[in-house]
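Student: here's a sequence, model it:
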Amino acid sequence: MQLQDIERIAKYQNDNWYVHDGYITELDIVNNVIVVNGEEFNLNNLSSEQAFRRLNINGTRKDFSSEDDQPILQQAVDWAIGTRQKTKSRIIYDVNTNEAKCVKSERYNPVGNYQILQHSLRKFEDNFTPKHSYINDKRMYLSFGVVQSHYIVPKNAKVGDEIGFGAQVWNSDVGLSSLSVGQFMLRLACTNGMISRETINIERLIHTRSDLFYKFKEKLDYIVEPRKMIDIISRAMGRPAIVEKFEDFSKIVPQIPERHHEGIIDAHKIEPIGVSADGVNGWGIYNAITRYNSHIYQDLPIYDPFESQKLLSAANHILT
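Tutor: Here you go, the predicted structure:
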């Protein structure tokens, strides 16, 4: 997604998303309308689900989900409004459409996407990578490519890999994720000129912190620091085999869905790293997963950016 589009959407959110606090006085489940201290807001699917959570009856909603159950569910909602509210709720809404983007506790205090974007660009704008960046009403994801690179050689070996380090930032103003920064890593010296990408060393900051923006700036200052990862990668490169044949990689990372297995095996065939007479080590499995994620999976119709992050997380522990 191009930077100017991300800036435009983030600026709109900054200028037009307002906050309203108060107790829920009405929740109309048929018309998807919530009333908080006399102010009425339209609910979308996410904010409707969050409203039920605020009333602690989300399970009841699932139990009575058909149209015939609506009168019973409305009674449960009305009862919960009168008995279950311990604290005020916080509505973040679009002033132009009156749509509630989220319904959270009054302790919920996110830093806006626009503020995060502007600070990130001041540090890393020259490294911004639009291919892996996007924003919508639910999430923002920013990718900044190689800020510095290092040639890493395992102990007792002559050949290593050149690794580039950058940063990634993601946030959700509507409560779907924490504000997070991650170290971005690229293999730059692949034998066939391709690159594998990885996000590791993730720092997550919850949206109820009073020092949220200060901590975000602090984490962003050192997230590209590579010394820790250089040591981890060097050791991972030199470790012995952990599977006799690559096709057994799923025994090491069983959390990866089977629909990805064939693609990961094909990625390893392109560049069989970490192979010895005894089998394949963790560095080889790690690179096949990240290569598949970068060069095969992201071009498939089933691609999901959040499942992509789960694949990378599954690969992380193999290095250590």
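
Student: what's the neighbour count on the residue nearest to Leu43 when sequence neighbours are not counted?
Tutor: Nearest residue to Leu43 in three dimensions, chain neighbours excluded: Asn32, at 4.3 Å (Cβ to Cβ, 6 or more residues apart in numbering). Yep, even glycine has a C-beta here, placed from its N, CA and C like the rest. Neighbour count for Asn32, taken as other Cβ atoms under 10 Å: 17.

Student: remind me, longest strand of this protein?
Tutor: In the chain, taking DSSP state E as the definition, the longest strand is strand 140-152.

Student: surely Val275 meets Asn287?
Tutor: No - shown here, Val275 and Asn287 do not form a contact pair, counting by Cβ atoms under 8 Å, at 10.9 Å.

Student: more neighbours, those two?
Tutor: More crowded of Val275 and Asn287, by other Cβ under 10 Å: Asn287, with 26 against 14.

Student: OK, contacts around the more buried one?
Tutor: Asn287 sits next to 187, 196, 268, 271, 273-274 when contact means Cβ atoms under 8 Å, 6 or more residues apart in numbering.

Student: on that earlier part again, buried set for the longest strand of the chain?
Tutor: 140-147, 150, 152 (16 or more other Cβ atoms under 10 Å).

Student: in the stretch 201-320 of the chain, where is pLDDT below threshold?
Tutor: 201 (pLDDT under 70).

Student: now the strands for it?
Tutor: Taking DSSP state E, counting those that start in this stretch, the strands of the stretch 201-320 of the chain run over residues 275-276, 279-280.

Student: the ones you listed: which one's closest to Leu220?
Tutor: strand 279-280 (35.5 Å; Cβ to Cβ).

Student: what does the closest one contact?
Tutor: 241-246, 249, 268, 272, 274.

Student: narrow those to just the buried residues.
Tutor: Going by neighbour count (16+ other Cβ under 10 Å), these have 241-243, 246, 249, 268, 274 buried.

Student: if we can go back for a sec, which helices and strands does the longest strand of the chain pack with?
Tutor: For strand 140-152, the packing partners by 3 or more Cβ pairs under 8 Å, 6 or more residues apart in numbering; DSSP states H and E come out as helix 3-16, helix 113-124, strand 134-135, strand 161-171, strand 179-187, helix 227-238.

Student: give me the contact list for that strand.
Tutor: Outside strand 140-152, the residues that reach it (Cβ under 8 Å, 6+ apart) are 6, 10, 113, 116-117, 120, 124, 127-129, 131-135, 160-173, 184, 186, 188-189, 224, 226, 230, 233-234, 237, 305.

Student: any idea what Met185 is bridged to?
Tutor: Legend: beta-bridge partners of Met185 under DSSP bridges are Phe165, Glu198.

Student: so it makes contact with Gly164?
Tutor: Yes - using Cβ under 8 Å, Met185 is in contact with Gly164, at 7.1 Å.

Student: need the overlap of contacts for those two.
Tutor: Between them, Met185 and Gly164 share no contacting residue, judged by Cβ under 8 Å, 6+ apart.

Student: quick one, domains of this structure?
Tutor: Following automatic domain parsing, one gets these domains for the chain: 14-105, 109-235, 239-320.

Student: now the end-to-end length of the second one.
Tutor: What it means is domain 109-235. Distance across domain 109-235, first residue to last, is 41 Å (Cα to Cα, to the nearest Å).

Student: from the chain's centroid, how far away is it?
Tutor: The chain centroid and the centroid of domain 109-235 are separated by 11 Å, computed with Cα atoms, centre = their mean, to the nearest Å.

Student: please apply the same query to stretch 39-51.
Tutor: 23 Å.

Student: how about stretch 255-263?
Tutor: Taking Cα atoms, centre = their mean, one finds the center of stretch 255-263 at 20 Å from the center of the full chain.

Student: so what touches it?
Tutor: With Cβ under 8 Å, 6+ apart, stretch 255-263 has contacts from 250, 264, 289, 292, 296-297, 300, 302, 310-311, 314.

Student: who wins on neighbours among these?
Tutor: Ile289 (27 neighbours).

Student: roughly how far does it sit from Leu312?
Tutor: Distance, Ile289 to Leu312, using Cβ to Cβ, to the nearest Å: 8 Å.

Student: export stretch 63-78 as CSV, just CAs?
Tutor: In CSV, the C-alpha atoms belonging to stretch 63-78 read as follows (Å, rounded to 0.1, in the frame of the first residue of the first chain):
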residue,chain,number,x,y,z
ASP,A,63,-26.4,-19.3,22.5
PHE,A,64,-29.4,-17.3,21.2
SER,A,65,-28.2,-16.4,17.7
SER,A,66,-31.3,-17.1,15.6
GLU,A,67,-34.0,-14.5,14.7
ASP,A,68,-36.5,-16.4,16.8
ASP,A,69,-34.2,-15.9,19.8
GLN,A,70,-34.0,-12.1,19.5
PRO,A,71,-36.7,-11.3,22.1
ILE,A,72,-34.9,-13.5,24.6
LEU,A,73,-31.5,-12.0,23.8
GLN,A,74,-32.9,-8.5,24.1
GLN,A,75,-34.2,-9.3,27.5
ALA,A,76,-30.8,-10.6,28.5
VAL,A,77,-29.2,-7.4,27.2
ASP,A,78,-31.6,-5.2,29.1
